[in-house]
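Asks: how would this look folded up:
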Amino acid sequence: MLFHKKQFVSAACLAALRDGWGFGRKKCLALFSIFLLLSCLLVVGADMGPKDQLTVRLVNPPEEPYYLDLLWQPELSDGQQLYDNLSETEREELSSALLDRLFAEAPEGWSPALSGGTRAPLWGDLEGRADGSGRVHVFSYVGLPRVCRLILVTGSGKTLISEPFERKVLQGSITFDCASGVLTQPSAAAALGMSFLLTLLPTLVIEGVLLLLFRFSLQKNWRPFLWVNLSTQTVLTLAVHFVLLASGPLSAHLVRFPMELVILLAETALYRHFLHGGTAARRTAYGITANLASWLAGYLALGPTYALLVRLC
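Replies: Predicted structure coming up:
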C-alpha cells in the first residue's frame, strides 16, 4: 500500500538529495557512495573473527587431581585420520593413568576430544584453572564439536559423565555441578533480548535527536517514530544478532550490510509518508540521515555487543 507508485522510494530519495540538504544531488550521492565504500572496507579489513569456544565452569569441583575432557562421536570417512591435539611433550607432562581412564570410562560411541583427537585442531586444558570456589576449563578452535558430553576422572577413581548437549552459539559457556551432576546452559533467547535493547535504545536516542534537529515535532510524531523503529529493529535483531551469536562478528557484518540498506529504504519511505510537518524532501532527508547515523553507530557497537553477549551465553 505504501509503495503504490513504481518508483516511489527512489524518487523520494532523489528529491531529498536535490532539495532537502541544500548542496546538490551530486555531492549527496558522492557522500553516500563514500559511506558505502568505507563500510565495505571496514568489513573486509576487520579481524577474521573469533573461533568456536566453550567455557566449562565447574561448581563443587573435586579437591583431588582430576582431568576434564569433552566427549564427541567421531564419524570418520575411509582413510580420514584424527588430528592429535596434544604434542608428545604435553603427553609426557600429563598423568598417563588419568589419560588412560578418560578413554576407558568413555561410553560406547564416544571418544575424548582433546586427548583423543578431533577432525580439526582443538585447544584446551584438561586441568583447568581456579575461579573463586570453582574451576574453569576453556576449549576452543575449529575442531570443537557441536554435540558434546563432559567426562571428569579423578585420581581416586571417581568418574562423572554429563548428558549430551549441543552448542548453539559460537562462543558460549556451560556450568557443571560436580556434586549433583547437573549441567546448565545460559539461554540464547535472553541474550537476543538483551541485544535487541542494546540496538534499539541507542537508535531511538540518535534518531530522536536528529528528529528535533530537522525541526519535526516529537509530540506529533512520536507514534510513527516509535513503531517504525520497533519494527525495523526487531527484524534487524532477529536477522543480524542471531548470526552474531551463531557465527561471530564477521558474519554479522556481512549480513548487516544488505539488511541496513533495506531498512534505510523502508524507513525513509515510511518517514516520508507518516511524519507530520515539513516538506516531503525534508522528511526524506531525515530518513536517510537518521539511518546513516544509526547504521554507523550500530557498526561501531557490534564488537562490544558481541563481547557482552559472549559473557551472557
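Asks: could you use CA atoms for every contact and neighbour count after this?
Replies: OK.
Asks: can you tell me the centre-most residue of this structure?
Replies: The chain has residue 244 as the residue nearest its centroid, 2.3 Å off, counting by C-alpha atoms, centre = their mean.
Asks: now name the helix or strand holding the residue lying closest to residue 299 once chain neighbours are set aside.
Replies: Leaving aside its chain neighbours, residue 299 sits nearest to residue 253 (7.7 Å; criterion: C-alpha to C-alpha, 6 or more residues apart in numbering). Per DSSP states H and E: residue 253 is located in helix 249-274.
Asks: just give me how far that helix sits from the chain centre.
Replies: 18 Å (C-alpha atoms, centre = their mean, to the nearest Å).
Asks: buried set for it?
Replies: Buried residues in helix 249-274, counted by 16 or more other C-alpha atoms under 10 Å: 249-253, 255-257, 259-260, 263-272.
Asks: returning to what we had before: assign the residue nearest to the centre of the chain to helix, strand or coil.
Replies: Following DSSP: H, G, I helix; E, B strand; the rest coil, the label given to residue 244 is helix.
Asks: does it really touch residue 251, like I thought?
Replies: Yes. Using C-alpha atoms under 8 Å, residue 244 is in contact with residue 251, at 6.8 Å.
Asks: so which bits of the longest helix anywhere in the chain are buried?
Replies: In the chain, taking DSSP state H as the definition, the longest helix is helix 280-312. Using 16+ other C-alpha under 10 Å as the test for burial, helix 280-312 gives 280-292, 294-295, 298-299, 302, 305-306, 309-310, 312.
Asks: swap in stretch 177-184?
Replies: Neighbour-count burial for stretch 177-184 [16+ other C-alpha under 10 Å]: 177, 178, 183.
Asks: turn the residues you listed into CSV, columns for secondary structure and distance to residue 74.
Replies: Below are the buried residues of stretch 177-184 laid out as CSV (DSSP: H, G, I helix; E, B strand; the rest coil; distance: C-alpha to C-alpha, whole Å):
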residue, secondary structure, distance to residue 74
177, strand, 26
178, coil, 26
183, strand, 22
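Asks: kind regards, and thank you for your time.
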